[in-house]
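> coords please:
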Amino acid sequence: MNAETTASLATAAGTLVLAVATFASVRSANRAARTAERSLLEGLRPVLVNSRLQDPAEKISFVDQHFIRLDGGHGVVEVTDEVIYLAIALRNVGRGMGVLHGWLATGVDNPGSEVECDPRKYRILSRDIYVPAGDFGFWQGAIRDPSDPLFDALKQAASDRTRITIDLLYGDHEGGQRTVSRFSLLARESDDGALSWFATVSRHRHLDGADPR
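Below you'll find the model as predicted:
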């Protein structure tokens, strides 16, 4: 083997070693970047659940100046001839502020049904509602059109004291990490005949990025 061939082989070997080292370095950098991104998103991610029973009650007003009292760990289903008022006491157990976007509700007892993942099918809130990280807050909604099919369904559910399922659509304060959390309102009657609605959460579904389910 002459000197020229030896030099060529040495150059090729050096290039291969450099290429392998570069590939490993890039792969490691990409892995570190993904880890950093996940860590950043985790710091922004809200996770909403029902609030605790010992959380303070809140006084909530609607756009028509209707007021309701919302106790910790509870919801409200208030039916009139023209409006149905709804609310749920929430707690954010995530690290980021939660911004509520929309909601879906049904009067059918179907907590195990598939969660709707199309944001366009949700009823958009008339204002942003914020739930701080590690703190409590609320969701509120109203149906003001008696001809709306949901009006009669919820009215019947409230009358029959059937479980009411409500899916809340929300995300972080930058508009990302959209999530749907499924809540249920369960009617309970006290010994004195007073009716209350307990709130529970059962499922969380991520709409942006990979979903573990």
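
> show me where this protein has its strands.
Here the chain has its strands, by DSSP state E, at 48-50, 58-61, 67-70, 74-79, 84-92, 98-106, 123-131, 136-143, 164-171, 179-189, 195-206.

> make TSV out of those strands and add mean pLDDT.
As requested, these are exported to TSV (pLDDT from 0 to 100):
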stretch	mean pLDDT
strand 48-50	97
strand 58-61	96
strand 67-70	97
strand 74-79	96
strand 84-92	97
strand 98-106	93
strand 123-131	93
strand 136-143	97
strand 164-171	96
strand 179-189	94
strand 195-206	93
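
> so which of these comes closest to Leu154?
Each of the strands of the chain has some distance to Leu154 by CB to CB; the shortest is strand 84-92, at 5.3 Å. For the C-beta atoms, the positions are set from N, CA and C on the backbone; glycine is no exception.

> who does that closest one touch, helix- and strand-wise?
strand 48-50, strand 67-70, strand 74-79, strand 98-106, strand 123-131, strand 136-143, helix 149-160, strand 164-171 (3 or more CB pairs under 8 Å, 6 or more residues apart in numbering; DSSP states H and E).

> mean neighbour count, the ones you listed: which tops it?
strand 164-171 (a mean of 23; mean count of other CB atoms under 10 Å).

> and that one with strand 195-206, angle?
40 degrees (axes from the mean of the first three to the mean of the last three CA atoms, to 10 degrees).

> give me the sheet partners of strand 164-171 and which way each runs.
Using DSSP bridges, strand 164-171 pairs in its sheet with strand 98-106 (antiparallel), strand 179-189 (antiparallel).
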